[in-house]
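[1] Just the structure for this:
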Amino acid sequence: MKLTHRTLLAVILLFFFTSCGDKTDAPKLSKKIAGSSVLAVEGFLVHPSILNASIEVAGTLLPFEETEIHPEVAGKVVMLSIKEGAVVKKGTLLARLFDGDLQAQLQKLNVQLQIAQKTQERQDELLKIGGISQQDYDLSLLNVSTIKADMQILQASINKTIIRAPFDGKIGFKNISIGAFITPTTVITTIRQINKLKLEFSVPEKYTPKITIGNLITFTTEASNKKYNAKIIATESGITLENRSLKVHAIVENTDKNITAGSFAKVIFDMGDNNSAIMIPTQAIIPQARDKKVILYRNGTAQFNTVVTGTRDSSKVEILSGLSIGDTIITTGLLSIKPESKINLSSLKK
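    Numbers count the residues shown, from 1 in each chain. Below is the predicted model of the structure:
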């Protein structure tokens, strides 16, 4: 029985000393492993590249000219020659309003004018022989001039009852019929210029210095893969606050029935060649809340640099500022690296 108690006590003491020894050596072993670990990463050597810069933005094809056709005066439609979808020339008669009362007034004034002119001619003869005074003669001349002015005013009112096409274009749907009474708020139809179109698109703020009036751009549509040309004719007066972009208008000489107003367009804007562009792999960019960063390899340590990016393709992105030719950036293990971490380059690509 005494032997059993002694044996048990010896086992307990042995376990206690063994446990104390493990706790004492564990931190030393951990420190040793941690001190000897260096992250192996891949790097990329920054060098000048040839960049044929171009951007693609969404655009919309608009009619170069489009307007609703309203009458200038109220009246009843007595003639209508609108053919929906027809192409008309400028000045083509589209509709006529009732003008019978105006024509009667004009005829009345015409009779008064003839009488006034005959009176003026007789008084002219009397003035030569002293039969009337100069004042009486002047009053007859004034009467003639007044009647002519009234006739011009009336003729202008008659002209307003005639509705003509304001420019060459394609007529839309008609909204009235013969016999309808219409007012200046009535939309008779619409007309749209089709021989040329207007392409509207927006360019991000950083590319606005590249926009020049007269430059050519290309675009495609959903209806056709063919590339069409357009010439920049105007830009908005300032950059929009909503999306920090500049609105641009370009003219399209439309000779193709596959492109119509209202179509979506994918605009390809060529910004020229840059023979000393800095292009790096896209995976090297670390997005931040307000900026973008890359990790530089400097003497075995990691340094974080803020960069400004430009155009990009499927695998690389242009760096406008933040890097220099000859820098080495890290492309792998980015999430495991902290500032001033010790790193080792396993490979270096160019």
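
[2] before we move on, which element is the residue lying closest to residue 59 once chain neighbours are set aside in?
    Residue nearest to residue 59 in three dimensions, not counting chain neighbours: residue 201, with 3.3 Å by C-beta to C-beta, 6 or more residues apart in numbering. Bear in mind the C-beta positions are built from the backbone N, C-alpha and C, glycine included. Using DSSP states H and E, residue 201 falls within strand 196-204.

[3] contacting residues around the next helix or strand along the chain from that strand?
    Per DSSP H and E, strand 196-204 leads on to strand 216-221 as the next helix or strand towards the C-terminus. With contact meaning C-beta atoms under 8 Å, 6 or more residues apart in numbering, strand 216-221 is reached by 59, 61, 199, 226-232, 250, 258-259, 263-270.

[4] The closest residue to residue 339 other than its chain neighbours: neighbouring residues, count only.
    Counting by C-beta to C-beta, 6+ apart, residue 339 lies nearest to residue 304, which is 5.4 Å off, once chain neighbours are set aside. For residue 304, the neighbour count with other C-beta atoms under 10 Å is 14.

[5] Equivalent analysis for residue 307, please.
    Counted with other C-beta under 10 Å, residue 307 comes out at 20.

[6] ok, it - contacts?
    Residue 307 touches 285, 291-294, 319-323, counting by C-beta under 8 Å, 6+ apart.

[7] Remind me which helix or strand it belongs to.
    Secondary structure from DSSP H and E places residue 307 in strand 301-312.

[8] If the spatially closest residue to residue 337 that is not a sequence neighbour is in a bridge, with which residues?
    Spatially, and ignoring its direct neighbours in sequence, residue 337 is nearest to residue 302 (4.9 Å; C-beta to C-beta, 6+ apart). Listed beta-bridge partners, residue 302: residue 297 (assigned using DSSP bridges).

[9] Surely residue 302 and residue 338 touch.
    Yes: at 7.2 Å, residue 302 and residue 338 qualify as touching, with contact defined as C-beta atoms under 8 Å.

[10] elements contacting the helix or strand hosting residue 54?
    Per DSSP H and E, residue 54 falls inside strand 48-63. Under the contact definition 3 or more C-beta pairs under 8 Å, 6 or more residues apart in numbering; DSSP states H and E, strand 48-63 sits against strand 196-204, strand 264-281, strand 301-312, strand 316-321.

[11] looking at those strands, which is buried most?
    strand 196-204 (a mean of 19; mean count of other C-beta atoms under 10 Å).

[12] Check which helices and strands that strand sits against.
    strand 48-63, strand 245-253, strand 264-281.

[13] Residue 94 is nearest to which of those strands?
    strand 48-63 (18.0 Å; C-beta to C-beta).

[14] how much does the closest one deviate in direction from strand 264-281?
    Going by axes from the mean of the first three to the mean of the last three C-alpha atoms, to 10 degrees, strand 48-63 is angled at 170 degrees with respect to strand 264-281.

[15] mind listing what strand 48-63 pairs with, with the direction of each?
    strand 196-204 (antiparallel), strand 264-281 (antiparallel).

[16] And the chain, what are its domain boundaries?
    Segmentation of the chain into domains, based on automatic domain parsing, reads 39-51+275-349, 56-64+192-274, 71-97+161-190, 99-160.

[17] so how far does the third one reach from one end to the other?
    Translated: domain 71-97+161-190. 12 Å (C-alpha to C-alpha, to the nearest Å).

[18] Just the mean pLDDT for it, thanks.
    Taken as a whole, domain 71-97+161-190 has an average pLDDT of 94.

[19] Centre of the chain to that domain, how far?
    From the chain centre to the centre of domain 71-97+161-190 is a distance of 33 Å (C-alpha atoms, centre = their mean, to the nearest Å).

[20] gap between residue 221 and residue 62?
    13 Å (C-beta to C-beta, to the nearest Å).
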